[in-house]
Every structure is written in C-alpha cells, then in structure tokens.
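Engineer: let's see this in three dimensions:
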Amino acid sequence: MVLCDELFGKAHHRSNKANAFRHALWNILICHKTLKRTHNREKSVIWTEKVTNLYEKVTDNEKMEKAMDLHNNQVGLSLFSNVFDKKEEEIIGILQNMMEKSQKVTNFDDFKKFNKGLVHLE
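Structural biologist: Numbers count the residues shown, from 1 in each chain. From the prediction side, this is the model:
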C-alpha cells in the first residue's frame, strides 16, 4: 500500500489501472515472502491464491469490482513464475508496463478476452 501510495497517491483505491497494478503486485510479493518458507513456487502460489481469494470473498465490493480484483490477482500469480528471481524494482517495472496496457472491462465476458493481462473498470 505504501508503494502504491508513493506511485499513485490515492488513485489506486479506485477501480482503475493503478488498482490493477496493486493487486498483481500484492500477489507477487506475497508469493515472494512465502517462497522463503515453502521453498516451492507452486506451494507459494497455492497459499497466496487461497489467502487473496478469501480476502476478496470477505470484502464488500460490487460483483464487477470483485471480479476485476480476482482477475488481477490471478495475473500476478501467473506472472510470479516468470519473475520470482527478479528484484522488486524489476517487477515493478514489468507491472508498470503491463498497467499501461490494461484493458477496460464493461461486462463479465470481457474478463475472458483479457485473461493474461491486467484489467480495470474506470
């Protein structure tokens, strides 16, 4: 949150590109932290997915916002296997590039169209 506040101010609290960045980064960073304990990328991804999915389940978001958050979490989890050995600054740069290409979604079918990239609502 601190990093996103520094990069985007309070903008990342809306359903925009900065929010998409935050969710993907959040998942990658949790995977990084748990990898130190599990020593297994797959276990780290599974644990992170359970925790972040639970978080989204208990939040009071609208259905589209929840779907967007889950989608961007999954993008971060998928990306982790490719960036697990990179420094945080490199990961941030990769995600910033992905954020610039984030696609606006307007309905639930759109999530399938952009399954590998970040998405936003506004």
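Engineer: what's the neighbour count on S15?
Structural biologist: S15 has 19 neighbours, counted by other C-beta atoms under 10 Å. (Each C-beta comes from the backbone N, C-alpha and C, glycine too.)
Engineer: how near is the spatially closest residue to E100 that is not a sequence neighbour to R41?
Structural biologist: Leaving aside its chain neighbours, E100 sits nearest to K17 (7.5 Å; criterion: C-beta to C-beta, 6 or more residues apart in numbering). Distance, K17 to R41, using C-beta to C-beta, to the nearest Å: 27 Å.
Engineer: ditto for T52
Structural biologist: Counting by C-beta to C-beta - T52 and R41 are separated by 16 Å.
Engineer: neighbour count: the two, which is higher?
Structural biologist: Higher neighbour count among T52 and R41: T52, with 22 against 14, using other C-beta under 10 Å.
Engineer: the more buried one sits in which helix or strand?
Structural biologist: helix 41-58 (DSSP states H and E).
Engineer: got a list of what the residue nearest to E100 touches?
Structural biologist: M99, E100, S102, L118, H120 (C-beta atoms under 8 Å, 6 or more residues apart in numbering).
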